[in-house]
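In: I would like to see how this sequence folds:
(one chain, ligands or ions: 3)
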Amino acid sequence: MTKFELRGVRADVLIGAEEREEILKGVDLTINSGETHAIMGPNGSGKSTLAYAIAGHPKYEITDGEVLLDGENVLEMSVDERARAGLFLAMQYPVEVPGVSMSNFLRSSVTAVRGEAPKLRAFSKELQGAMKGLAIDPVFAARGVNEGFSGGEKKRHEILQLELLKPKVAILDETDSGLDVDALRVVSEGINHAKETHEMGVMLITHYTRILNYVKPDHVHVFSGGRIVESGGPELADSLEAEGYERFVKAGA
Ligand code: ADP
Ligand code: MG
Ligand code: MG
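Out: Residues are numbered from 1 along each chain as shown. Ligands and ions are numbered 1, 2, ... in the order given. Model (predicted):
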């Protein structure tokens, strides 16, 4: 049983040498193993800032509050240590690494997280199985990381990492953006599979309710003005679909 907790998290974005602006204004959230929490909110409300701040991105500084994974202080960990502790942050992985094949890249990620290199043949088999499950063409294993990948292919790659790294908690920011219906279904099945096989907790950040037809959230949180302004069950997403974010923008401002 894993517990991922945000307690009173405040964070600034560092804009220049002298300039900073507070974006996160006290975020409280607890995600237990196997739970999916959708974080939904208007553009500019600070959703990505939340993901980047937890990932330890250098442009964002957490100024107050705590981030705990099973009671361990995540903010004291290096980015690698966060991954080893079981936190998966899609954006911490490089966008494009020409010259490094997908299979080598994934094997190094797996080695970093598991603490030892998997045997080549066993890993090859594991990778092929995972790619098959995500309907990824086997030739991708030999291609450069994300090199010339379409939006949908990059997202499948993200989910392939999930499948291989088996994180305790995954933070997925706008995983649904730019996906056609077929890609959305495959990516969602990948997320659901990881949830079922190893009780992964998920923070699913999204602007649109579309992905929630495929990945069922247990809890829905409305994010506005840098904090959670309302929490509820899946029905909250339905009312957002019908009414939009307007009343929350007023509440959060
Ligand atoms: P969301 O993901 O909900 O659309 P963001 O976290 O991307 O929101 O942005 C929240 C606010 O922080 C916005 O006003 C945005 O302009 C500002 N912001 C985020 N990152 C930066 C940055 N690197 N430099 C300047 N402003 C930023
Ligand atoms: Mg959440
Ligand atoms: Mg965003």
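In: For the rest of this, base every contact and every neighbour count on C-alpha atoms.
Out: Noted.
In: Which stretches in this protein count as helices?
Out: Under the criterion DSSP state H, the chain contains helices at 47-55, 79-85, 102-114, 120-133, 151-165, 181-198, 234-243, 246-252.
In: can you redo those as TSV with mean neighbour count, mean pLDDT and distance to ligand 2?
Out: Output for the helices of the chain, formatted as TSV (neighbours: other CA atoms under 10 Å; pLDDT from 0 to 100; distance: least, CA to the ion, whole Å):
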stretch	mean neighbour count	mean pLDDT	distance to ligand 2
helix 47-55	22	94	10
helix 79-85	18	89	18
helix 102-114	18	90	23
helix 120-133	15	93	26
helix 151-165	21	86	17
helix 181-198	18	88	15
helix 234-243	14	93	13
helix 246-252	14	74	17
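In: As JSON lines, these with distance to Pro217 would be great.
Out: Putting these into JSON lines (distance: least, CA to CA, whole Å) gives the following:
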{"stretch": "helix 47-55", "distance to Pro217": "17"}
{"stretch": "helix 79-85", "distance to Pro217": "24"}
{"stretch": "helix 102-114", "distance to Pro217": "27"}
{"stretch": "helix 120-133", "distance to Pro217": "22"}
{"stretch": "helix 151-165", "distance to Pro217": "17"}
{"stretch": "helix 181-198", "distance to Pro217": "11"}
{"stretch": "helix 234-243", "distance to Pro217": "6"}
{"stretch": "helix 246-252", "distance to Pro217": "20"}
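In: Can you give me every residue that contacts the nearest residue to Tyr245 once chain neighbours are set aside?
Out: Computed as CA to CA, 6 or more residues apart in numbering, the closest residue to Tyr245 that is not its neighbour in sequence is Pro42, at 6.4 Å. Residues near Pro42 by CA atoms under 8 Å, 6 or more residues apart in numbering: His207, Phe223, Ser224, Tyr245, Val249.
In: Take those and lay them out in a markdown table including distance to Met102.
Out: Formatted as a markdown table, those follow (distance: CA to CA, whole Å):
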| residue | distance to Met102 |
| --- | --- |
| His207 | 29 |
| Phe223 | 35 |
| Ser224 | 37 |
| Tyr245 | 39 |
| Val249 | 41 |
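In: neighbour-wise, which of those leads?
Out: The most neighbours of any of the contacts of Pro42, using other CA atoms under 10 Å, belong to Phe223, which has 28 neighbours.
In: what's Thr111 in contact with, if anything?
Out: Residues in contact with Thr111 (CA under 8 Å, 6+ apart) are Ala117, Pro118.
In: From ligand 1, how far out is the one residue in the stretch 101-250 of the chain that gets nearest to ligand 2?
Out: Of the stretch 101-250 of the chain, the residue with the smallest distance to ligand 2, taken as CA to the ion, is Met203 at 4.1 Å. Met203 sits at a distance of 13 Å from ligand 1 (criterion: CA to the nearest ligand atom, to the nearest Å).
In: contacting residues for that residue?
Out: By CA under 8 Å, 6+ apart, the neighbours of Met203 are Ile31, Thr36, His37, Ala38, Ile39, Val169, Ala170, Ile171, Leu172.
In: Return the per-residue confidence for the fourth one.
Out: What that stands for is Ala38. Per-residue pLDDT puts Ala38 at 97.
In: So what touches stretch 168-187?
Out: Stretch 168-187 is contacted by residues 2, 4, 33, 47-48, 51, 86-91, 134-135, 151-152, 155-156, 159, 162, 198-207, 211, 214 when judged by CA under 8 Å, 6+ apart.
In: now the end-to-end length of that stretch.
Out: By CA to CA, to the nearest Å, the extent of stretch 168-187 from end to end equals 18 Å.
In: So what's the gap between that stretch and the chain middle?
Out: 9 Å (CA atoms, centre = their mean, to the nearest Å).
In: hmm, that stretch in reach of ligand 1?
Out: No - Stretch 168-187 stays clear of ligand 1 (CA under 6 Å from any ligand atom), getting no nearer than 8.1 Å.
In: Tell me the residues on the chain that lie near ligand 1, please.
Out: So the chain meets ligand 1 at Val13, Ile15, Ile23, Pro42, Asn43, Gly44, Ser45, Gly46, Lys47, Ser48, Thr49 (CA under 6 Å from any ligand atom).
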